[in-house]
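Peer 1: Model the following, please.
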Amino acid sequence: MANQEHVEILLQGVEIWNRWKEENPRIEVDLSEHDFSNANLMGINLIRAKLRDSIFDNSDLSEAYLNFASLNHASLVNANLYRATIEGTTFEAANLSNANLSSVFAFPQRILNGLGHSVSYFREAKFIRANLSESHFYGAYFESADFSFAMIKNADISNCGFNNANFEAANLSGSDIGNASMRNANLTNANLQGVILTNADLAGCKMMGADLLGANLLGADLQGCNLTGASLNNANLNNVRLVDAEVGEAIFSGCSVYGASIWDLRGDILEQKDLVITNSGKPIITVDNIKVAQFIYLILNNEEIKHVIDTLTSKPWQACVYLSLLILQTQNHHLLSCSQQFRIIKLLLCQLFRRVKVPFR
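Peer 2: So this is what the prediction gives:
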C-alpha cells in the first residue's frame, strides 16, 4: 500500500514533489497500488520509488526520472513516457499498451541475475500498440513480453532478451536488434525492413509473412524458423544458419548467401533469384536456387572438387568416392547426422551410376 503522506505531497504538484524529494534523498518512496490516472507528472523524480500495482493510465510521465523504480504489475495504458529515463527500472508484467515510449533511455540494471549478468526486467510486460520508436533498451530483458502491433522504428534494442516474445504485426523497421536472443519469438507479419539482426538467435521463430527487405542477418541462427510467405528481398544472409526451416511461398531475391549453412529446407519457395554466393570484394557470382548455393560455390572455388569433376568420365568410381568424402569434410559437415552423410554419398553414387550406366544394387 502507498504511504499516504507521500501521496498527498505528490498531489500538490511535480515542482513541490521534486523539491521535497531533493531535500529528503534517503526517504524510501512508496506509491504502490495508488491510482494516478490522468495525472500531469512531466519531469517528476521517482527514482527508486515503489510503484508496484500503481495505475498511471493516460498520465503524462514525459521526461520523468524512473531510474531503479519498481513498476511491476503497474498499469500505464496510454501513458506518455516520451524521453523518460528508466535505467534499471523493472516493469515485470506491467501493462504499457498504447503507451508512448519513444526516445526512452533504458540501460542494464546494476544488479546481477543468477548467471552473473546485469539485467533490466520487462518480463511478460504488455506493449500492445505502444510507440517505442527511437528508444534505447540495450541489454534489457523482455522474455514473453507482448509487442503486438507496436511501433518500434529506429530503436536500439540490441543485446536484449526477447525469448518467447510476441511481435505480431509490429513495425521494427530500421531498428538495431543485433546479438539479441529471440528464440521462439513470434514475428508473424512483422515489418523488419532494414533491421540489423547480426548474430541474433532466431531459432524456432515464427516469421510467417514477415517483411525483411534489406535486413542484415549476418551470422544469425534461423534454425527451425517458420519463414512461410516471408519476403527476404536483398537481405544479407551471409554466414546464417538456415537449417530445418519452413520456406513455403517465401521470397529470396537479391540476397547474399555467402558462407550460409542451408540444410533440410521444407516447402516450395515462391521466388529465388540473383542469390550472391561470393564474399564482398570478390567478383559477383549469382545462382537462382538457395538450396544448392553452397554446393555451387564449392564447385567453383574448391580446386580439389574441380579436379574430381574433370576426371569423372575417365575414372568415375574413384572420382565419385573422392568427391563424396571431400564434401563431407567441408566446414558444414558437423551439421549432418551419420544417416544424412550416408544419404549424400548414396545420392552421389546413384547419380553417377545413372550417368555411366552401371547397375546399382
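Peer 1: neighbours around the closest residue in space to residue 264 that isn't next to it in sequence, how many?
Peer 2: With C-beta to C-beta, 6 or more residues apart in numbering as the criterion, residue 264 has its nearest non-adjacent residue at 4.8 Å, and that residue is residue 244. Just so you know, the C-beta spots here come from the backbone N, C-alpha and C atoms, and that holds for glycine as well. Other residues within reach of residue 244, judged by other C-beta atoms under 10 Å, total 16.
Peer 1: In contact with residue 244, which residues are there?
Peer 2: Under the criterion of C-beta atoms under 8 Å, 6 or more residues apart in numbering, the contact partners of residue 244 comprise 223-224, 263-266.
Peer 1: Give me the subset of the residues you listed that lies in strands.
Peer 2: Using DSSP state E to define strands, the subset of the contacts of residue 244 located there is residue 263.
Peer 1: List buried residues within the contacts of residue 244.
Peer 2: Buried members of the contacts of residue 244, counted by 16 or more other C-beta atoms under 10 Å: 223-224, 263, 265.
Peer 1: quick one on the thing from earlier: let me know the closest of the contacts of residue 244 to residue 187.
Peer 2: Ranking the contacts of residue 244 by separation from residue 187, with C-beta to C-beta as the measure, puts residue 224 on top at 13.6 Å.
Peer 1: Surely that closest one touches residue 247?
Peer 2: No - Residue 224 sits out of contact with residue 247 when judged by C-beta atoms under 8 Å, with a separation of 12.0 Å.
Peer 1: Please give me every residue in contact with residue 271.
Peer 2: Shown here is residue 271, whose contacts under the criterion C-beta under 8 Å, 6+ apart are 251-253.
Peer 1: neighbour-wise, which of these leads?
Peer 2: Using other C-beta under 10 Å as the contact criterion, the top neighbour count among the contacts of residue 271 goes to residue 252, which has 26 neighbours.
Peer 1: doesn't it fall inside a strand?
Peer 2: Yes - secondary structure of residue 252 (DSSP: H, G, I helix; E, B strand; the rest coil): part of a strand.
Peer 1: Setting aside sequence neighbours, what's the nearest residue to it?
Peer 2: By the measure of C-beta to C-beta, 6+ apart, the closest residue to residue 252 outside its immediate chain neighbours is residue 272, 4.4 Å from it.
Peer 1: Look up which helix or strand the one you found falls in, please.
Peer 2: Here residue 272 is covered by strand 271-273, with elements defined by DSSP states H and E.
Peer 1: Run me through the strand neighbours of that strand, direction for each.
Peer 2: Strand 271-273 pairs in its sheet with strand 251-253 (parallel), by DSSP bridges.
Peer 1: Tell me the gap between the partner strand and the middle of its chain.
Peer 2: Relative to the chain's own centre, strand 251-253 is displaced by 20 Å; criterion: C-alpha atoms, centre = their mean, to the nearest Å.
Peer 1: and for it, what are the contacting residues?
Peer 2: Outside strand 251-253, the residues that reach it (C-beta under 8 Å, 6+ apart) are 230-235, 237, 269-275, 290.
Peer 1: which among those gets closest to residue 105?
Peer 2: Checking those one by one against residue 105 (C-beta to C-beta), the nearest turns out to be residue 235, at 29.9 Å.
Peer 1: check contacts around the closest one.
Peer 2: In this structure, residue 235 makes contact with 212-217, 252, 255-256, judged by C-beta under 8 Å, 6+ apart.
Peer 1: could I get these as JSON lines with secondary structure?
Peer 2: Shown next, in JSON lines, are those (three-state DSSP):
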{"residue": "212", "secondary structure": "coil"}
{"residue": "213", "secondary structure": "coil"}
{"residue": "214", "secondary structure": "coil"}
{"residue": "215", "secondary structure": "coil"}
{"residue": "216", "secondary structure": "strand"}
{"residue": "217", "secondary structure": "coil"}
{"residue": "252", "secondary structure": "strand"}
{"residue": "255", "secondary structure": "coil"}
{"residue": "256", "secondary structure": "strand"}
